[in-house]
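Colleague: got a predicted structure plus its sequence, pasted below:
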Amino acid sequence: MFYTIVIANHYYFRTHAFDYAVYNFAFWDYSHFHMSIIPAMRVYNSPATFMQDHFSLTLMYFVPVYWLLNWLTDSYTLLLILVTLILWSAWALYRLIKLKTNDDWLAVISVLYYFLLQGRYASFSAESNILTLICCFVPIFLLYFELKKYGIAFIVFILLLFSREDMSLWFIFILITLLIWHRKEKNVVQYCAAGILLSVGYFVLLFKVFIPMVETDRIHYKLFQYSILGNSPLDALLYCFEHPINTFKLLYENPSANHIYDGVKMELYTVYLVSGGFLLFLRPQYFIWFIPIIAQKMFNDDPARWGIIGYYAIPIVTLLPVSVFLIISKFKIKWVRYSLAVLVCILALSVTWYKMNASNRVITWEDTTNENIFGPKFFHPGYDAAKIHTDLKLIPPDAKICASQSILSHLSQRSYAYEFPDVEDAEYLAVFTYRDYYQASDTSYLRVLNKYISSPYWEIIASDSPFLLMKKTTNGSKKDILTDSLECNANAISADKLHFIASNGDLLENADTRDSLTKHHGNYSIKLNQTKQYGFTCHATNFKPGDLLKISVWKYPAFKDTGKLIASSGKDFYQTVSGGKNIDNSGWEQLVMYITVPADKNDLVIYAWNSTSANVWFDDLKIVRRSFR
């Protein structure tokens, strides 16, 4: 099931430039013994290497796998590595619980529990992240440590220290827990103490020596995002000791000014306490190795890290099965042990199933398609993915490419792979015609796309809605683009005086809003207010899914808080613009919007709207359509 999830997400273009395209480039780059600047990555708007984002050697560990499999598995390789590690980690959990409890069935149920926790599925929304990869090694380390195979455990320990900046901090607490387990075994205590000293020493070296080595004047380490605590790990530690009450409050309060994040932290506690974490109160020593995990989450500046979305809870779901099932094993009555084991599995399944529906989360706008293999959208993306993959084969393997966010990860194993709209010197553009760049608005993304579609130096060589593949050309030739327009200035009206007649003969509703007091062009405009809120209503039935529309209308007066241009279709498509950059000498303001006609185009409606008490006039509606079929 997990292999299916990751392969389907990538196949259906649900993996993204950040992180997966960046990871694929770095993986390919390291495998060719380079450490290059990543074309698609910017740190503080400056080109950067992968090490300047994360000080991590993790991807280097898998270079042999690249040469064994990548010729066949291509950009899927890292995803296959991820799931394989997850399975290996589950095997290590089984061996560990069996070793510590001498109970086969309890070990089996612990693996089931491992695969039912909510964070295990939520992590698939973030593709193949370093944290998800390296957490798989933690149960493996614990297994070999408990088997007293200290040589293998030490190798895994060193690999984990170099895998990510925060692992040395986490391991201090893991080793303290192990020290408590084996407090009566002198040699094991010494090993744990040595590991703690090594972790502390590496943590200091990391932030004092190694990270500064890869920094430049323009690029500084940016992942220490704990501004409330200070500017460095030392500042954070001092703050915790000097302000213990405030520190404790940060564990559950929302320190941001945005109240939409109220309850995000408590949701995390609720999910994992209900999923079996309540048993930790029976053995408080198991709280120890969760301390750095919870602190990193709750003290972070980014509210997305506080809760259950993404991969940020992976450390919790890594250690929770170990903790819960070792606690359960302490019950001497067999039926109590098995009853508790089954109960926590049922609770974990119930919570995971409930939270797969985004409407049941505090952050309700997070898309859960990637993690919910049972959801109706998982195998039905709304476009023909097979045709798009066929189109991508038209791009030569050594060509310089620019691709939009969801496509780039398929093409990033090459020297020059940029993220649209950063076209640079690309020879091919592979883009979705809807907004596929998280840092841009719908209008700005489509405005840039429209520029390249209109350019005589970019030729469309493949079009499978909503996908376009363009090739740079020197002869200025264009083909396969149909352009037409609809214009309405409120002058022509139907015989029944209920509709405006557009330039192409289409009928637009709300002709009763026509007004002659002020106009931008011709003899009439429309006047909207609380009494008559809608105007120029166009049901665009002749448009096709994937068509790119440039919609514009002039508004008077130029008050940005009154009067909007709106395009909507059903419950999932709604775009609006209320202000523009172009204001003429008469005080009329031009509103401009770019949209891609959605798949369910029969519900598409375009209109002007004003619900305020002030009168607002609109004139000269124009819709320019570009069709690529």
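Modeller: Everything's here; your move.
Colleague: phi, psi for Glu153 please.
Modeller: In this structure residue 153 is Ala, not Glu. With angles defined as degrees, to the nearest 10, Ala153 sits at phi -60, psi -40.
Colleague: tell me the confidence at it?
Modeller: Confidence per residue is given as pLDDT, and for Ala153 that number is 97.
Colleague: Tyr44 too?
Modeller: Predicted confidence (pLDDT) for Tyr44: 52.
Colleague: list the contacts for the closest residue to Leu251 other than its chain neighbours?
Modeller: Counting by CB to CB, 6 or more residues apart in numbering, Leu251 lies nearest to Met298, which is 5.0 Å off, once chain neighbours are set aside. For glycine as for every other residue, the C-beta is placed from the backbone atoms N, C-alpha and C. Contact partners of Met298, counting by CB atoms under 8 Å, 6 or more residues apart in numbering, are 250-252, 265, 306.
Colleague: just the buried ones out of those, please.
Modeller: When the contacts of Met298 are checked for burial by 16 or more other CB atoms under 10 Å, the buried set is 250, 265, 306.
Colleague: what sits against the last one?
Modeller: Remark: with contacts taken as CB under 8 Å, 6+ apart, Trp306 is in contact with 261, 264-265, 268, 297-298, 300, 312.
Colleague: export the residues you listed as TSV, with columns for distance to Asp436, pLDDT and secondary structure.
Modeller: Listed next are the contacts of Trp306 as TSV, based on distance: CB to CB, whole Å; pLDDT from 0 to 100; DSSP: H, G, I helix; E, B strand; the rest coil:
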residue	distance to Asp436	pLDDT	secondary structure
Tyr261	26	93	helix
Val264	27	94	helix
Lys265	31	95	helix
Leu268	30	96	helix
Lys297	29	93	helix
Met298	32	95	helix
Asn300	27	92	coil
Tyr312	24	92	coil
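Colleague: sort out for me which of the contacts of Met298 are in strands.
Modeller: Taking DSSP state E, every one of those sits outside strands.
Colleague: the strands in the stretch 351-500 of the chain, which residues?
Modeller: Read by DSSP state E, counting those that start in this stretch, the stretch 351-500 of the chain holds these strands, from start to end of the chain: 401-403, 417-419, 428-432, 458-464, 467-472, 482-488, 500-501.
Colleague: show me how far the third one is from its chain's centre.
Modeller: Distance of strand 428-432 from the chain centroid (CA atoms, centre = their mean, to the nearest Å) equals 20 Å.
Colleague: for the record, mean pLDDT for that strand?
Modeller: Per-residue pLDDT values over strand 428-432 give a mean of 95.
Colleague: what of the fifth one?
Modeller: Per-region confidence: strand 467-472 scores 92 on mean pLDDT.
Colleague: now the last one
Modeller: Averaging pLDDT along strand 500-501 gives 94.
Colleague: give the other helices and strands that it contacts.
Modeller: Contact here means 3 or more CB pairs under 8 Å, 6 or more residues apart in numbering; DSSP states H and E; on that basis strand 500-501 packs against strand 507-508.
Colleague: parallel or antiparallel, list what pairs with the helix or strand following the strand it packs on.
Modeller: Sequence-wise, the next helix or strand downstream of strand 507-508 (DSSP states H and E) is strand 514-515. For strand 514-515, sheet partners with direction are given as strand 525-528 (antiparallel), following DSSP bridges.
Colleague: next secondary structure after the strand it pairs with?
Modeller: Proceeding C-terminally, strand 525-528 gives way to strand 534-539 as the next helix or strand, assigned by DSSP H and E.
Colleague: that following strand to strand 482-488, inter-axis angle?
Modeller: For strand 534-539 and strand 482-488, the angle between their directions (axes from the mean of the first three to the mean of the last three CA atoms, to 10 degrees) works out to 150 degrees.
Colleague: of the buried ones among the contacts of Met298, closest to Phe2?
Modeller: Top of the list for closeness to Phe2, among those and by CB to CB, is Trp306 at 25.6 Å.
Colleague: check that closest one and give its pLDDT.
Modeller: Predicted confidence (pLDDT) for Trp306: 94.
Colleague: checking Met41 next. Helix, strand or coil?
Modeller: With DSSP: H, G, I helix; E, B strand; the rest coil as the basis, Met41 sits in strand.
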